[in-house]
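**Q** take this sequence and fold it.
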Amino acid sequence: MGQEHYSRRIAEAICRARRLKPIKTGNELAEIIAKARPKRGKFDRIHPATRCFQALRIAVNDELNILKKALPQALNLLRLGGRLVVISFHSGEDKIVKQFFRKKDEATEVQILTKKPVRPTLKEIGQNPRSRSAKLRTGKKIDEK
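**A** Model prediction:
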């Protein structure tokens, strides 16, 4: 399950719960996941089930493969000098975007404009807490290949 450290423990808990009775709601599943993980620390910002639900959404929607297909298509739509700007909200997405830009930079098709990803400021996060995991990367098309 992506970056979930307790994925085996959670999967076992879900299987045990399903043997007893069907899981019918998201809240039931979230409760099972929360009980399977160690108690949250005072610095945990998100619900224990959040990462699992995110992993399920990414898998069901095939989001990472779609991103891998969309990036070259987006680049092909640009004119020379056009900019491709991508905001990712998950490390798996960001890794794909970073590798895409690096590969195209090495092939002299793209000039990377953000060596490090642009992250939201504390003020921006205060105004929009969902932005806390956002990473913006951008590149400029420099060659038609």
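
**Q** low-confidence ranges, this structure, go.
**A** Counting by pLDDT under 70, the chain has low-confidence residues at 1-3, 40-44, 145.

**Q** who's in contact with the spatially most distant residue from the centre of it?
**A** Ranked by distance from the centre of the chain (C-alpha atoms, centre = their mean), the top residue is L20, with 32.9 Å. By C-beta atoms under 8 Å, 6 or more residues apart in numbering, the contact set of L20 is empty. All C-beta spots, glycine's among them, are computed from the backbone N, C-alpha and C.

**Q** now do the strands in the protein.
**A** Assigned by DSSP state E, the chain shows strands spanning 83-88, 110-112, 135-141.

**Q** strand partners (parallel or antiparallel) of the second one?
**A** Taking DSSP bridges as the criterion, strand 110-112 sits next to strand 135-141 (antiparallel) in its sheet.

**Q** quick one, the strand it pairs with and strand 83-88 angle?
**A** For strand 135-141 against strand 83-88, the angle by axes from the mean of the first three to the mean of the last three C-alpha atoms, to 10 degrees is 160 degrees.

**Q** buried set for strand 135-141?
**A** Neighbour-count burial for strand 135-141 flags K135, R137, T138, G139, K141 (criterion: 16 or more other C-beta atoms under 10 Å).

**Q** how about those residues, which pair is most distant?
**A** K135 and K141 (20.6 Å; C-beta to C-beta).

**Q** show me the contacts for the residue lying closest to I32 once chain neighbours are set aside.
**A** Once flanking residues are discounted, I32 sits nearest to A17: 4.9 Å by C-beta to C-beta, 6 or more residues apart in numbering. Contacts for A17 (C-beta under 8 Å, 6+ apart) come out as I23, E28, I32.

**Q** which ones among those residues map onto helices?
**A** Among the contacts of A17, the residues falling in helices (DSSP state H) are E28, I32.

**Q** roughly how far apart are the residue nearest the centre of the chain and Q54?
**A** When C-alpha atoms, centre = their mean is applied to the chain, the residue found nearest the centroid is H90 (2.0 Å). Relative to Q54, H90 is positioned 7 Å away (C-beta to C-beta, to the nearest Å).

**Q** again, but for H47
**A** Counting by C-beta to C-beta, the separation of H47 from Q54 is 11 Å.
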